[in-house]
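Participant: return atomic coordinates for the entry below.
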Amino acid sequence: MTDEPLLRARGLTKHYGERIGCADVSFDLYEGEVLAIVGESGSGKSTLLGLLANELPATAGEVLYRMRDGIVRDIASLSEPERRLLARTDWGYVRQDSREGLRMRVSAGANVGERLMALGERRYAGIRETALTWLDRVEIARNRIDDRPTDFSGGMRQRLQIARNLVTNPRLVFMDEPTSGLDVSVQARLLDLVRGLVADLGLAIVIVTHDLAVARLLSHRIVVMRRGRVVETGLTDQVLDDPRDAYSQLLVSSVLAA
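Facilitator: Residues are numbered from 1 along each chain as shown. Below is the predicted model:
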């Protein structure tokens, strides 16, 4: 473990023509830290996540990432093979729609094992045993290893997506509204699972959510966005218990009034 940030965002800006997706966003993220990005629809939080995950080109600014060898790289300067390798090894991305994050026509075991095969693992028995271990960790019965995600519930698919992403022991995971559309009891189970994995594996997570309860439960720090700009940031409990910005106060009060 090091005191150096794992990821640094510096002046991140994205324009869609004359519309601002996000503007001049900067922060540091450390290993083992969970950062929540919150705001209403259209606030720019998903654009920011896309920039951080190197899925969108920035209009201005940079994302710096400390690689496993300790060298800090600007992710925009990585070659395409380097980007693909990073996405398959050191990063994970849990999508809001599990159908976008899973291969729906192959088995649960193949979904988990695919990332291992991308790294050169070819021993079928070893891949299957690792997949079984990860199904255990995300609370999916072992006898479902040969079932396809189409036969799974929404909560099971999200847990499978988590297993698929974590099997290569990444240091950084992006999550885009991972509990959206799930029943409250299913959400609680998923969030409890994620909390445990963060504690066990020392993951750094950037999570986008509109649900302040999710942010409070999972995150150490919070970034509040409005119209593409950060209006407040700080320790999660501090921001949610004593918001300084008028928009943050409105967000919090709307939850309390619900």
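
Participant: tell me how far Leu197 lies from Thr89.
Facilitator: 17 Å (CB to CB, to the nearest Å). The C-beta positions use only the backbone N, C-alpha and C, and glycine is treated the same way.

Participant: got the phi and psi for Leu190?
Facilitator: With angles defined as degrees, to the nearest 10, Leu190 sits at phi -70, psi -40.

Participant: distance check, it against Ile75.
Facilitator: For Leu190, the distance to Ile75 equals 28 Å [CB to CB].

Participant: then Arg221?
Facilitator: 21 Å.

Participant: same question, Leu102
Facilitator: For Leu102, the distance to Ile75 - CB to CB - is 25 Å.

Participant: related to what we said a few turns ago, more crowded one of Leu190 and Ile75?
Facilitator: A count of neighbours by other CB atoms under 10 Å puts Leu190 above the other of Leu190 and Ile75, at 23 against 19.

Participant: contact partners for that one?
Facilitator: Gly155, Gln158, Arg159, Pro178, Thr179, Leu182 (CB atoms under 8 Å, 6 or more residues apart in numbering).

Participant: make it 6 Å
Facilitator: Residues in contact with Leu190, defined by CB atoms under 6 Å, 6 or more residues apart in numbering, are Gln158, Thr179.

Participant: do the same with Leu116
Facilitator: Applying CB under 6 Å, 6+ apart, one finds that Leu116 lies in contact with Ile127.

Participant: adjacent strands (with direction) for whatever helix or strand Ser26 lives in?
Facilitator: Assigned by DSSP states H and E, Ser26 belongs to strand 19-29. Using DSSP bridges, strand 19-29 pairs in its sheet with strand 7-16 (antiparallel).

Participant: just how off-centre is the partner strand within its chain?
Facilitator: On the basis of CA atoms, centre = their mean, to the nearest Å, strand 7-16 sits 17 Å off its chain's mean C-alpha point.

Participant: other residues contacting that strand?
Facilitator: Applying CB under 6 Å, 6+ apart, the external contacts of strand 7-16 come out as 21-29, 47, 51, 58-65.

Participant: which of the residues in it are buried?
Facilitator: Leu7, Arg8, Ala9, Arg10, Leu12, Thr13, Lys14 (16 or more other CB atoms under 10 Å).

Participant: sorry, back to before: any of the contacts of strand 7-16 buried? List them.
Facilitator: Buried positions within those, assessed by neighbour count (16+ other CB under 10 Å), are 21-23, 25, 27, 29, 47, 51, 58, 61-65.

Participant: could the residues you listed go into CSV alongside distance to Gly202?
Facilitator: Below are the buried ones among the contacts of strand 7-16 laid out as CSV (distance: CB to CB, whole Å):
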residue, distance to Gly202
Gly21, 31
Cys22, 28
Ala23, 32
Val25, 25
Phe27, 19
Leu29, 13
Thr47, 28
Leu51, 24
Ala58, 28
Gly61, 27
Glu62, 25
Val63, 21
Leu64, 20
Tyr65, 16
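
Participant: where are the low-confidence patches of the stretch 1-150 of the chain?
Facilitator: For the stretch 1-150 of the chain, the stretches flagged by pLDDT under 70 are 1-2.

Participant: I am finished for the moment; much appreciated.
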